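> structure here, sequence nowhere to be found:
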């Protein structure tokens with residue numbers, strides 16, 4: 001799965017998305033989503049490390065395949 005597919009799936013599920021140096025930041029308009037919500041939207045992200053950041057949840061990718 002490439003970055004554009006992940007971004008598209010998250011956006012279809014109602015998430016806002018930003019590309020960062022470490023991966024993709026997923027957020028909702030009014031709150032920070034949970035890891036479970038992100039994995040429910042894109043099950044392929046289950047094995048990716050995630051952490052909360054100021055803007056939302058950073059989904060990290062080791063090989064930088066999701067960078068622009």
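Sure, I can see it. Computed from a predicted model, the values in this text were never measured in an experiment.
> going by C-alpha atoms from here, please, whenever you check contacts or count neighbours.
OK.
> need phi/psi at the residue located most distally from the centre of the chain.
Computed with C-alpha atoms, centre = their mean, the residue of the chain farthest from its C-alpha average is residue 30, at 16.2 Å. Phi and psi for residue 30, reported as degrees, to the nearest 10, are phi -110, psi 0.
> ok, it to residue 22 distance?
Distance, residue 30 to residue 22, using C-alpha to C-alpha, to the nearest Å: 23 Å.
> what's the answer for residue 53, then?
Per C-alpha to C-alpha, residue 53 is found 11 Å from residue 22.
> between the two, who's got more neighbours?
Neighbours were counted for residue 53 and for residue 22 using other C-alpha atoms under 10 Å; residue 22 has more, 15 against 12.
> find the nearest non-adjacent residue to the more buried one, please.
For residue 22, ignoring the flanking residues on the chain, the nearest one in space by C-alpha to C-alpha, 6 or more residues apart in numbering is residue 60 at 5.5 Å.
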